[in-house]
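Participant: Got a predicted structure plus its sequence, pasted below:
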Amino acid sequence: MSASPPPVPPPDEMRDIFRTMTLIRRFEERAAEEYMAGRIGGFLHLAIGEEAAIVGTVSALRADDPLTSTYREHGQALARGTDPRAIMAELLGRATGICGGRGGSMHLMDLDRSFYGGYGIVGGAVPLALGLGWAARYRGTEQVSVTMFGEGAANQGVVSECFNMAGLWDLPMVFLILNNQYGMGTPVERAAAAEDFFPRAAAYDIESWKVDGMDVLAVRAALSEAARLARDERRPACVELLAYRYRGHSMSDPDTVRAAEEKERWQARDPLVTFERVLLGEGIMDGDGIAAMQAEVAQVVDDATAFAQESPEVPIAELADGVYAQPWNDDARGSALMRP
Ligand SMILES: Cc1ncc(C[n+]2csc(CCOP(=O)(O)OP(=O)(O)O)c2C)c(N)n1
């Protein structure tokens, strides 16, 4: 890193950061309950344990910096300020969802907040972010395109291609490798030839480094510096965050592969608990203030869940609206979609 990290955020921002982390945690715990109750169809990938990585990143960016993510992206949308009601409704496939109930958990998108979405194809959002970075440079805006992806995705060839093009064209973008040490149930050492991922970007002349992804202030400082390099010096940057997701790959993964001792070791460094200690230690919040904030967040999540449950389903006749360019035709043999 070429410059010293920015100072600790002011107290108001520290409280905001904690509230957003708490909101993400509660929201995802409730989403898990909704899934178990059979109200969420398809897949549901939780990022519980990765809140510092998400909030540290988003809090270091400008609100109009384009952001792309993977299918594990509820927290990114919440951190960008998308209404929790619209996110929960999307998870439940309701017409009031942020994508009209067509996207579901893996495909949240909120262009009003420059959140260009979650994607199910591993590594698939990285070239999209490259295009957004290229567009920012072409238009001469001050935006920085940021893409978050896993260490598993980092093994995809397209990511290396994107490193090369970003390095070659000096695109204003930040590659954020969220190394949670597992791709589905496969530990990183069984999938990658080298333990660290950030040197791969360095091979393409991209400044890159690794930080503790469980420490929200460390993440925020790293992303501030990476965004500064991209915005002010017009150079791409890559940050690798070492973190851990507490749950299995998705709700359908029983998570029997990882050792209990390993999970406990990482959960002992829970990002919410450690940041709470910082806030208490610095006198930024007291116990009552934290309890009040937790109660307020719980209320927001209750309200979002009730809203989603009470929202209408998408009418069957309208299910394909906005999904296919051609009108939907139920007759498989004569489907408009099958025509050349
Ligand atoms: C191109 C492609 N290959 C395989 C899959 C199946 N798949 C979904 S998630 C995943 C693991 C990705 O791991 P990582 O990038 O580390 O992200 P994490 O899920 O740990 O957040 C795989 C192999 C896919 N969705 N897309």
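Facilitator: Alright, I've got the coordinates.

Participant: Identify each buried residue in stretch 64-74, please.
Facilitator: 65-74 (16 or more other Cβ atoms under 10 Å). Any C-beta I mention is one placed from the backbone N, CA and C, and that applies to glycine too.

Participant: and of those residues, the nearest to residue 319?
Facilitator: Distance to residue 319, by Cβ to Cβ, is smallest for residue 71 among the buried residues of stretch 64-74, at 20.9 Å.

Participant: Nearest residue to the closest one in space, please, no chain neighbours.
Facilitator: residue 106 (3.7 Å; Cβ to Cβ, 6 or more residues apart in numbering).

Participant: So for the one you found, what pLDDT did the model give?
Facilitator: What the model reports for residue 106 is a pLDDT of 98.

Participant: Help me confirm that it comes into contact with residue 122.
Facilitator: No. Using Cβ atoms under 8 Å, residue 106 makes no contact with residue 122, being 11.5 Å away.

Participant: residues contacting the residue nearest to residue 252 when sequence neighbours are not counted?
Facilitator: Excluding its sequence neighbours, the residue lying closest to residue 252 (Cβ to Cβ, 6+ apart) is residue 43, at 7.0 Å. Residues near residue 43 by Cβ atoms under 8 Å, 6 or more residues apart in numbering: 71, 104-106, 250-252.

Participant: Run through the residues of the stretch 51-200 of the chain sitting next to the ligand.
Facilitator: By the rule Cβ under 6 Å from any ligand atom, the part of the stretch 51-200 of the chain lying against the ligand is 70, 72, 120-122, 149-153, 180, 182-184.

Participant: pLDDT weak spots in this protein?
Facilitator: Along the chain, segments meeting pLDDT under 70 span 1-7, 326-340.

Participant: mind checking the longest helix of it?
Facilitator: Scanning the chain for the helix with the most residues, using DSSP state H, yields helix 11-36.

Participant: For the following helix or strand past it, name the packing helices and strands.
Facilitator: Remark: after helix 11-36, the chain's next helix or strand is helix 51-58, criterion DSSP states H and E. Under the contact criterion of 3 or more Cβ pairs under 8 Å, 6 or more residues apart in numbering; DSSP states H and E, helix 51-58 touches helix 11-36, helix 74-80, strand 145-150, helix 216-232, helix 271-281.

Participant: Measure how helix 51-58 sits relative to helix 271-281, angle-wise.
Facilitator: 70 degrees (axes from the mean of the first three to the mean of the last three Cα atoms, to 10 degrees).

Participant: residues in contact with helix 51-58?
Facilitator: If you take Cβ under 8 Å, 6+ apart as the criterion, helix 51-58 is touched by 17, 20-21, 24-25, 47, 67, 75-76, 79-80, 146, 148, 176, 178, 213-220, 222-223, 241, 243, 271-272, 275.

Participant: With just CA atoms, put that helix into CSV.
Facilitator: The C-alpha trace of helix 51-58 is given here as CSV (Å, rounded to 0.1, in the frame of the first residue of the first chain):
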residue,chain,number,x,y,z
GLU,A,51,-20.5,-8.6,7.3
ALA,A,52,-17.2,-6.7,8.0
ALA,A,53,-16.0,-7.5,4.4
ILE,A,54,-19.3,-6.2,2.9
VAL,A,55,-19.8,-3.1,5.1
GLY,A,56,-16.1,-2.2,5.2
THR,A,57,-16.2,-2.2,1.4
VAL,A,58,-19.4,-0.3,0.7
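
Participant: got the angle for that helix vs helix 216-232?
Facilitator: 30 degrees.

Participant: tell me which residues of helix 51-58 are tucked away?
Facilitator: Within helix 51-58, judged by 16+ other Cβ under 10 Å, the buried ones are 51-58.

Participant: Look through the stretch 201-340 of the chain and state the residue closest to the ligand.
Facilitator: residue 249 (5.7 Å; Cβ to the nearest ligand atom).

Participant: State the distance from the closest residue in space to residue 196 that isn't next to it in sequence to residue 22.
Facilitator: Closest residue in space to residue 196, ignoring its immediate chain neighbours: residue 210 at 6.3 Å, by Cβ to Cβ, 6+ apart. To residue 22, residue 210 is 26 Å away according to Cβ to Cβ, to the nearest Å.

Participant: And these two? Which one has more around it.
Facilitator: For residue 210 versus residue 22, neighbours defined as other Cβ atoms under 10 Å are more numerous around residue 22 (23 against 17).
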